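Visitor: Let's see this in three dimensions:
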Amino acid sequence: MITRTAFAALAIALTARGQQGATPQEMPKNEPTLPGPEDMPGPDEGVYPSMMTASATLIGSEGNEIGTANFLDGPNGEVIRIELNPDSLSPGWHGLHLHAVGTCEDVGEFKESGGHHGKVEGAHGLLNPKGPEAGDLPNIWVAADGSAGYEAFTRLTALDSLLDEDGSAIIIHAQEDDHLTQPIGGAGARVACGVIQ
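Guide: Model prediction:
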(Lines give C-alpha, C1' and ligand atoms only; values in the text may rest on other atoms or scores of the structure.)
Protein backbone atom coordinates (compact mmCIF):
# COMPACT_ATOMS: atom_id res chain seq x y z
CA MET A 1 0.00 0.00 0.00
CA ILE A 2 1.33 3.42 -0.98
CA THR A 3 1.51 5.82 1.91
CA ARG A 4 0.60 9.44 1.61
CA THR A 5 4.23 10.42 2.03
CA ALA A 6 5.35 8.12 -0.79
CA PHE A 7 2.59 9.41 -3.05
CA ALA A 8 3.57 13.04 -2.38
CA ALA A 9 7.25 12.26 -3.06
CA LEU A 10 6.32 10.59 -6.35
CA ALA A 11 4.20 13.60 -7.43
CA ILE A 12 7.04 16.02 -6.61
CA ALA A 13 9.54 13.90 -8.58
CA LEU A 14 7.28 13.76 -11.66
CA THR A 15 6.63 17.52 -11.51
CA ALA A 16 10.35 18.29 -11.30
CA ARG A 17 11.09 15.95 -14.21
CA GLY A 18 8.40 17.61 -16.33
CA GLN A 19 9.81 21.06 -15.59
CA GLN A 20 13.34 20.01 -16.54
CA GLY A 21 12.25 18.72 -19.93
CA ALA A 22 9.99 21.66 -20.77
CA THR A 23 11.32 24.22 -23.21
CA PRO A 24 9.62 27.51 -24.04
CA GLN A 25 7.96 27.54 -27.44
CA GLU A 26 8.23 30.55 -29.70
CA MET A 27 4.98 31.91 -30.99
CA PRO A 28 4.85 32.35 -34.78
CA LYS A 29 5.37 35.95 -35.83
CA ASN A 30 2.77 37.56 -38.04
CA GLU A 31 5.31 39.51 -40.04
CA PRO A 32 5.22 39.67 -43.84
CA THR A 33 7.61 37.32 -45.57
CA LEU A 34 8.51 39.80 -48.31
CA PRO A 35 12.22 40.07 -49.09
CA GLY A 36 14.07 43.05 -47.70
CA PRO A 37 16.25 45.41 -49.77
CA GLU A 38 19.30 43.31 -48.93
CA ASP A 39 17.63 40.27 -50.53
CA MET A 40 16.68 42.01 -53.77
CA PRO A 41 18.95 41.85 -56.83
CA GLY A 42 20.39 45.19 -57.93
CA PRO A 43 23.04 46.74 -60.16
CA ASP A 44 25.78 44.61 -58.54
CA GLU A 45 23.97 41.53 -59.88
CA GLY A 46 23.35 43.12 -63.28
CA VAL A 47 19.67 43.89 -62.58
CA TYR A 48 18.49 47.40 -63.35
CA PRO A 49 14.97 48.81 -63.00
CA SER A 50 13.02 49.71 -66.10
CA MET A 51 13.46 53.50 -66.09
CA MET A 52 10.99 55.60 -68.04
CA THR A 53 12.23 58.95 -69.37
CA ALA A 54 10.61 62.18 -70.58
CA SER A 55 11.67 65.72 -71.32
CA ALA A 56 10.31 69.23 -71.75
CA THR A 57 11.56 72.26 -73.65
CA LEU A 58 11.08 75.26 -71.37
CA ILE A 59 9.84 78.49 -72.89
CA GLY A 60 9.86 81.90 -71.25
CA SER A 61 7.15 84.54 -71.05
CA GLU A 62 8.01 85.81 -74.54
CA GLY A 63 7.85 82.36 -76.13
CA ASN A 64 11.60 81.90 -76.51
CA GLU A 65 13.30 78.62 -75.56
CA ILE A 66 15.17 79.11 -72.30
CA GLY A 67 16.19 75.58 -71.30
CA THR A 68 15.25 71.95 -70.78
CA ALA A 69 13.78 69.69 -68.14
CA ASN A 70 14.54 65.95 -68.08
CA PHE A 71 12.68 63.31 -66.11
CA LEU A 72 13.90 59.88 -65.08
CA ASP A 73 11.71 57.39 -63.22
CA GLY A 74 13.32 54.95 -60.83
CA PRO A 75 11.92 52.22 -58.60
CA ASN A 76 11.44 54.60 -55.65
CA GLY A 77 10.65 57.94 -57.27
CA GLU A 78 11.55 60.38 -59.98
CA VAL A 79 14.63 62.53 -60.70
CA ILE A 80 14.02 65.89 -62.36
CA ARG A 81 16.92 67.84 -63.86
CA ILE A 82 16.58 71.36 -65.24
CA GLU A 83 19.10 73.49 -67.12
CA LEU A 84 18.34 77.12 -67.92
CA ASN A 85 20.36 79.26 -70.35
CA PRO A 86 21.87 82.60 -69.28
CA ASP A 87 19.41 85.53 -69.31
CA SER A 88 16.47 83.12 -68.89
CA LEU A 89 14.96 84.37 -65.62
CA SER A 90 15.56 86.94 -62.90
CA PRO A 91 18.16 85.88 -60.29
CA GLY A 92 16.97 84.30 -57.05
CA TRP A 93 14.52 81.66 -55.92
CA HIS A 94 11.54 80.64 -58.07
CA GLY A 95 8.65 78.30 -57.33
CA LEU A 96 8.52 75.15 -59.41
CA HIS A 97 5.46 72.94 -59.86
CA LEU A 98 4.10 70.17 -62.02
CA HIS A 99 0.77 71.16 -63.58
CA ALA A 100 -2.19 69.03 -64.64
CA VAL A 101 -2.42 69.77 -68.39
CA GLY A 102 0.32 69.40 -70.99
CA THR A 103 0.09 72.73 -72.81
CA CYS A 104 2.01 76.00 -72.91
CA GLU A 105 0.09 77.53 -75.83
CA ASP A 106 -1.06 80.67 -73.99
CA VAL A 107 2.45 82.11 -73.99
CA GLY A 108 3.15 84.61 -71.24
CA GLU A 109 0.22 83.43 -69.12
CA PHE A 110 0.58 79.64 -69.12
CA LYS A 111 -2.81 79.31 -67.40
CA GLU A 112 -4.04 76.61 -69.80
CA SER A 113 -1.74 74.16 -68.03
CA GLY A 114 -4.36 74.13 -65.27
CA GLY A 115 -3.81 73.68 -61.56
CA HIS A 116 -1.21 71.55 -59.88
CA HIS A 117 -0.80 67.91 -60.81
CA GLY A 118 -2.60 65.89 -58.13
CA LYS A 119 -4.25 68.99 -56.68
CA VAL A 120 -5.96 68.60 -53.31
CA GLU A 121 -7.84 71.61 -51.93
CA GLY A 122 -5.89 73.10 -49.02
CA ALA A 123 -2.99 70.65 -49.37
CA HIS A 124 -0.40 72.64 -51.34
CA GLY A 125 3.10 72.79 -49.93
CA LEU A 126 5.98 70.51 -49.01
CA LEU A 127 5.63 71.72 -45.40
CA ASN A 128 1.84 71.44 -45.28
CA PRO A 129 0.54 68.89 -42.72
CA LYS A 130 -2.43 68.28 -45.06
CA GLY A 131 -0.20 67.81 -48.11
CA PRO A 132 1.85 67.89 -50.13
CA GLU A 133 0.26 67.71 -53.55
CA ALA A 134 1.82 65.47 -56.19
CA GLY A 135 2.95 68.50 -58.20
CA ASP A 136 4.87 70.19 -55.38
CA LEU A 137 8.63 70.51 -55.87
CA PRO A 138 11.50 72.37 -54.16
CA ASN A 139 12.30 75.87 -55.44
CA ILE A 140 14.84 76.47 -58.19
CA TRP A 141 17.70 78.97 -57.73
CA VAL A 142 18.59 81.19 -60.68
CA ALA A 143 22.14 82.61 -60.76
CA ALA A 144 23.10 86.24 -61.30
CA ASP A 145 23.47 85.68 -65.06
CA GLY A 146 19.93 84.28 -65.32
CA SER A 147 21.03 80.65 -65.76
CA ALA A 148 20.23 77.69 -63.52
CA GLY A 149 21.16 74.08 -62.92
CA TYR A 150 18.77 72.07 -60.79
CA GLU A 151 18.20 68.49 -59.77
CA ALA A 152 15.51 67.19 -57.42
CA PHE A 153 14.04 63.85 -56.43
CA THR A 154 10.35 63.32 -55.73
CA ARG A 155 8.36 60.34 -54.48
CA LEU A 156 5.08 62.22 -54.94
CA THR A 157 4.46 61.24 -58.56
CA ALA A 158 5.69 59.11 -61.44
CA LEU A 159 5.94 59.57 -65.19
CA ASP A 160 3.08 57.26 -66.05
CA SER A 161 0.71 59.64 -64.25
CA LEU A 162 2.36 62.76 -65.74
CA LEU A 163 2.05 61.32 -69.24
CA ASP A 164 -1.66 60.58 -68.97
CA GLU A 165 -4.26 61.43 -71.62
CA ASP A 166 -4.07 65.23 -71.22
CA GLY A 167 -0.38 65.26 -70.32
CA SER A 168 1.33 67.55 -67.80
CA ALA A 169 3.51 70.65 -67.75
CA ILE A 170 6.34 71.92 -65.60
CA ILE A 171 5.92 75.57 -64.56
CA ILE A 172 8.39 78.05 -63.08
CA HIS A 173 6.95 80.99 -61.14
CA ALA A 174 8.12 84.57 -60.66
CA GLN A 175 8.72 84.27 -56.90
CA GLU A 176 9.67 81.49 -54.51
CA ASP A 177 7.18 79.04 -53.03
CA ASP A 178 6.93 79.21 -49.22
CA HIS A 179 5.72 75.57 -49.28
CA LEU A 180 2.72 76.34 -47.07
CA THR A 181 0.52 79.21 -48.26
CA GLN A 182 -2.53 78.30 -50.35
CA PRO A 183 -2.92 77.78 -53.24
CA ILE A 184 0.63 78.16 -54.69
CA GLY A 185 2.83 79.23 -51.82
CA GLY A 186 2.87 82.89 -52.88
CA ALA A 187 4.93 82.00 -55.96
CA GLY A 188 3.18 84.53 -58.20
CA ALA A 189 2.94 84.62 -61.98
CA ARG A 190 3.94 81.77 -64.25
CA VAL A 191 7.10 82.85 -66.09
CA ALA A 192 8.21 79.63 -67.81
CA CYS A 193 6.48 76.49 -69.05
CA GLY A 194 7.41 73.15 -70.59
CA VAL A 195 5.20 70.36 -71.90
CA ILE A 196 6.35 67.00 -70.51
CA GLN A 197 6.56 64.38 -73.28
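
Visitor: By average pLDDT, which secondary structure element in this protein comes out worst?
Guide: helix 4-21 (a mean of 51; mean pLDDT, DSSP states H and E).

Visitor: quick one: average pLDDT of the next helix or strand after that one?
Guide: Per DSSP states H and E, helix 4-21 leads on to strand 53-60 as the next helix or strand towards the C-terminus. What strand 53-60 shows for mean pLDDT is 97.

Visitor: which one's the longest strand in this structure?
Guide: strand 65-74 (DSSP state E).

Visitor: any residues touching it, and which ones?
Guide: Here strand 65-74 makes contact (C-beta atoms under 8 Å, 6 or more residues apart in numbering) with 49, 51-60, 78-85, 88-89, 148, 158-160, 162, 170, 192, 194, 196. Every residue, glycine included, has its C-beta placed from N, CA and C.

Visitor: For these, I'd like a selection string for ChimeraX - just the buried members, please.
Guide: The following ChimeraX line selects those of the contacts of strand 65-74 that are buried, judged by 16 or more other C-beta atoms under 10 Å:
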select :54,56,58,59,60,78,80,82,83,84,85,88,89,148,158,159,162,170,192,194,196
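
Visitor: low-scoring pLDDT stretches of the protein, where are they?
Guide: 1-35, 37, 40-41, 46-50 (pLDDT under 70).

Visitor: and the gap between the residue nearest the centre of the chain and Leu98?
Guide: Centroid-nearest residue in the chain: Arg155, 1.1 Å away (criterion: C-alpha atoms, centre = their mean). Arg155 sits 13 Å away from Leu98, going by C-beta to C-beta, to the nearest Å.

Visitor: residues in contact with Ser161?
Guide: By C-beta under 8 Å, 6+ apart, Ser161 lies in contact with 117-118, 134.

Visitor: Between the residues you listed, identify the one with the most neighbours.
Guide: Across these, the neighbour count under other C-beta atoms under 10 Å reaches its highest value at His117, namely 25 neighbours.

Visitor: That one reaches His124, doesn't it?
Guide: No: proximity of His117 to His124 does not meet the contact threshold set by C-beta atoms under 8 Å, at 11.5 Å.

Visitor: Now do the shared contacts for those two.
Guide: Each of Glu133 lies in contact with both His117 and His124 under the rule C-beta under 8 Å, 6+ apart.

Visitor: Look up phi and psi at Thr183.
Guide: Careful, residue 183 is Pro; it's not Thr. phi -100, psi -10 (degrees, to the nearest 10).

Visitor: same check, this time on Ser113
Guide: Torsion angles, degrees, to the nearest 10, at Ser113: phi -80, psi 0.

Visitor: Equivalent analysis for Gly102, please.
Guide: Main-chain dihedrals, Gly102, degrees, to the nearest 10: phi -80, psi 70.

Visitor: Fine, thanks again, bye for now.
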